[in-house]
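Q: I need the structure of the sequence given here:
(chains A and B)
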Amino acid sequence: MTQPIFSFPGGLHPADHKAESNTAAIVPAPLSARYRVPMRQHAGNPAKPLVLPGEHVLKGQAIGCLDGRISATVHAPTSGRVVGVESYPIPHPSGLTDRCVVIESDGRDEAVPASRLDWRNLAPEAVCEELEDMGLVGLGGAVFPSHIKLEPAAGIETLIINGAECEPWITCDDRLMRERAGEIMAGVEIARHLLGAREVLVGIEDNKPEAIAAMRAACAGTGAKVVVVPTKYPSGGAKQLIELLTGLEIPAGKLSTDIGIQVFNVATSYALWRAAELGEALVSRVVTVTGHVARPGNYEVRVGTPIEELLQLAGGELPGATGQLVGGPLMGFDLEDTRAPVTKGVNCIIVTSDALFPPRPRAMPCIRCGQCALACPVRLQPYEMYLYAKAKDLDKAKAYNLADCIECGCCSYVCPSHIPLVDYYRFAKSELLARGREQRAAETARERHEFRSFRLEREKQEKAERLGKKAGERLEAGAVAADDPEAARKKALLEAAIERAKKAKEAAPPPANTDHLSAAQQAEVDAIEARRAQAGTEQTVADKT
Amino acid sequence: MIMAILVMAGIGLMLGIVLGWAEVRFRVAEDPLVEKIDKILPQTQCGQCGFPGCRPYAEAIAKHEADINLCPPGGEHGVRQLADLLGVEFKPLGAGKEPKPKSVAVIDENTCIGCTLCIQACPVDAIIGASKQMHTIVANACTGCELCLAPCPVDCIHMEVIHESVGNWKWRYPVFPIHEEAKAA
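A: Residues are numbered from 1 along each chain as shown, chains lettered A, B, ... in the order given. Below is the predicted model of the structure:
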């Protein structure tokens, strides 16, 4: 029985430019002197650094740990000394800096002792927990932490392995499938086992015949099916591939797991195999370096390697290079600084030149021709979203399902007025995201303020109660004293004593010390008086003056 | 004729009873407008509007006792939303009410004497500490209202602007040079 292939609307057939880089085998990159490993290489919260400057680390040792649920572990790419935890440019559309752990390689490349994970006999939850420490993320570009996707969920029927690699120029998955199909399929088997999926479909575009042959050979006898899909951008988008292979469309705001499908990229499956079977954390990936360079090709690069070194590895930029793109030409972004390190999400570096990527002509007004709507693979109305995004009417743009836009760039590509439509959607989407963040912050602040008001009120009440209770106790104590005959007797005695003392004081003035003297004392006093009188006049005079 | 009048009066009486009952049964305890206005306000509880918190300001707006342009942290976007909700004309923020960049309070922990005055001032309980113990601010909960600055007897609290980072970065609004010549020149 042949697997049926479905279709998705829209899409493009741009020149694929795969031949430049898919002929040579994957070249392992040599050891760099210095690695800068960003703590933010995945979707979710950045990892928390675990090391301090001066510490010695081994290859595969965790240097950043999970922060919150959606986060991933980050590992040292080689052995060496940590020389700093600092802000450094990272490959990101903003061109901003972010926290990186800097490791000076010691050249020995010693790894932490690795052990195979007995994933077949362990409970799936335990396996996921182990994989949490392996730093696996989706290597197709979304960099979503894989241990979350592998958590056993009820009702996963189909596991789809994404080997479509639809974006022009990129060939890293192609080469990986050609050279390491067996390992990829071993990784797929682990994922299938963990998820309990019944069916495994490997989707590959028909412009990669060698990869298809290799994967078919690796799939033989495993029950997995390789499905060849026609070359059309963006068939490698997770939602588009699902639609191609199953004919199912994911409802807006839902996840593929809601309809029983999980998708993994081939490179992620390969990394999963390495993590489970070899006990190696994710510290390297295959990166395509292509475009205006001397030796385009695929390189197995450790995370943290400066991109400029990678460009040197590919023979350096040719004269006339105008810049670098990270990712493909349709969804990628301009690299601001070539010192930035390779991260888990960098699948391709394209060196641009005016010949390969002519500057985009000036944008002209929208003529509402509808080409963008025909090209949209998600059945949106890009021209409407564009108008509202341009007018900064975010609510209206949202009403046109802006959130469902996958930013594939088909609309911008076909626009006869050369309007950078996706730039407007990205702007509107990030504004909406920021607004959501602010609203949540306001909600928290309101709750905290309300609780504080409640707390103050409660404290006031408690204080009043306490005081009231104390006053009551005192009153009660008085009342008790009046009732108790023993206490009353004591009080009366006390009062009587005070009265007696008072009377005695009034009756007899206190005695002077010359009143009741013995004869001897009297004689002594007299003698002193006599002496005084004799010496006296001068003394008295002196006293008087 | 009499019959018709009686029927109409009967219907009227019946409806009146139903309405009267509904009024008591489904009474809305609070003004729903206040709730809606409060939702738009940024909940910094900073008092820059002259009211002790966002809710009192929302109540004042609902009673037409306060203008809609008194809230600097809400910004122009906030004023616009209020204008939309209340069906009134948009007004720019009042003089001296320019919004400041978003910031959080930071306590210089070496200088703090542990007097708890700032804890009492914080409207969202975002300061942790106890008498004669060092205090610190929970940055995630801080709304940047600056109410803790004034009470501090040793001036150990300052505001730090939240800078743009990879985490909170937003895509820019696309802009292009209108005149190519300007670039060449």
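Q: quick one, domains of the chain?
A: By default, I'm working from chain A. Domain segmentation of chain A under automatic domain parsing yields A:27-31+A:116-353, A:360-482.
Q: my bad, the chain I had in mind was chain B
A: B:32-86, B:100-168.
Q: residues from chain B in reach of chain A?
A: Residues of chain B lying close to chain A by Cβ under 8 Å from any Cβ of the partner chain are B:38, B:41-45, B:53-54, B:123-126, B:141, B:143, B:164-174, B:176, B:180. Just so you know, the C-beta spots here come from the backbone N, C-alpha and C atoms, and that holds for glycine as well.
Q: what's the ChimeraX line that selects buried ones from those residues?
A: Of these, the buried ones can be selected in ChimeraX as follows, counting by 16 or more other Cβ atoms under 10 Å in any protein chain shown:
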select /B:38,41,42,43,44,45,53,54,123,124,126,141,143,166,171,174
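Q: just the residues of chain B next to chain A: which are in strands?
A: Among the residues of chain B next to chain A, DSSP state E puts none in strands.
Q: one step back: tell me the most buried of the domains of chain A?
A: Among those, domain A:27-31+A:116-353 has the highest mean neighbour count (mean count of other Cβ atoms under 10 Å in any protein chain shown), at a mean of 21.
Q: would you enumerate the residues in contact with the nearest residue to A:Arg175 once chain neighbours are set aside?
A: Once flanking residues are discounted, A:Arg175 sits nearest to A:Asn298: 4.6 Å by Cβ to Cβ, 6 or more residues apart in numbering or on different chains. Contacts for A:Asn298 (Cβ atoms under 8 Å, 6 or more residues apart in numbering or on different chains) come out as A:21-22, A:24-27, A:171-172, A:175, A:286-289.
Q: again, but for A:Gly291
A: Taking Cβ under 8 Å, 6+ apart, one finds A:Glu20, A:Trp169, A:Gln324, A:Leu325, A:Ile349, A:Ile350, A:Val351, A:Thr352, A:Ser353, A:Leu356 in contact with A:Gly291.
Q: could you give the mean pLDDT of the longest helix that chain B contains?
A: Assignment by DSSP state H gives helix B:2-25 as the longest helix of chain B. Averaging pLDDT along helix B:2-25 yields 94.
Q: A:Ser269 is nearest to which of the domains of chain B?
A: domain B:100-168 (28.2 Å; Cβ to Cβ).
Q: just checking the distance from that closest one to the centre of its chain.
A: 19 Å (Cα atoms, centre = their mean, to the nearest Å).
Q: mind checking the pLDDT average for that domain?
A: Rounded mean pLDDT across domain B:100-168 is 91.
Q: straight-line length of it, end to end?
A: One end of domain B:100-168 to the other measures 17 Å (Cα to Cα, to the nearest Å).
Q: among the contacts of A:Gly291, which one sits closest to chain B?
A: A:Leu325 (16.7 Å; Cβ to the nearest Cβ).
Q: for chain A, which residues are neighbours of chain B?
A: So chain A meets chain B at A:40, A:46, A:90, A:92-94, A:96, A:98, A:362-363, A:392, A:420, A:423-424, A:426-427, A:429-431, A:433-434, A:437-438, A:441-446, A:448-449, A:451-452, A:455 (Cβ under 8 Å from any Cβ).
Q: re earlier: return the subset of the contacts of A:Asn298 lying in strands.
A: A:Val27, A:Val286, A:Val287, A:Thr288, A:Val289.
Q: quick one: the residue in the stretch 1-150 of chain A that chain B sits nearest to and B:Glu164, what's the gap?
A: In the stretch 1-150 of chain A, the residue that lies nearest chain B is A:Ser94 (4.2 Å; Cβ to the nearest Cβ). Between A:Ser94 and B:Glu164 the computed distance is 8 Å (Cβ to Cβ, to the nearest Å).
Q: please identify every residue contacting each of those two.
A: By Cβ under 8 Å, 6+ apart, no residue touches both A:Ser94 and B:Glu164.
Q: wait, A:Leu311 sits on A:Glu317?
A: Yes: using Cβ atoms under 8 Å, A:Leu311 makes contact with A:Glu317 at a distance of 6.0 Å.
Q: so what sits against both of those two?
A: A:Val293, A:Val351.
Q: which residue is nearest the middle of chain B?
A: In chain B, the residue lying closest to the centroid (Cα atoms, centre = their mean) is B:Leu41, at 2.6 Å.
Q: so what's it up against?
A: B:Leu41 neighbours (Cβ under 8 Å, 6+ apart): A:Ala442, B:Cys54, B:Tyr57, B:Ala58, B:Cys71, B:Gly74, B:Gly78.
Q: go with 10 Å
A: A:442, A:446, B:49, B:53-55, B:57-58, B:61, B:71, B:73-74, B:78, B:81-82 (Cβ atoms under 10 Å, 6 or more residues apart in numbering or on different chains).
Q: equivalent analysis for A:Leu432, please.
A: Applying Cβ under 10 Å, 6+ apart, we find A:Leu432 in contact with A:Ala389, A:Leu394, A:Asp395, A:Ala397, A:Lys398, A:Leu402, A:Ala403, B:Lys170.
Q: perfect, that will be all.
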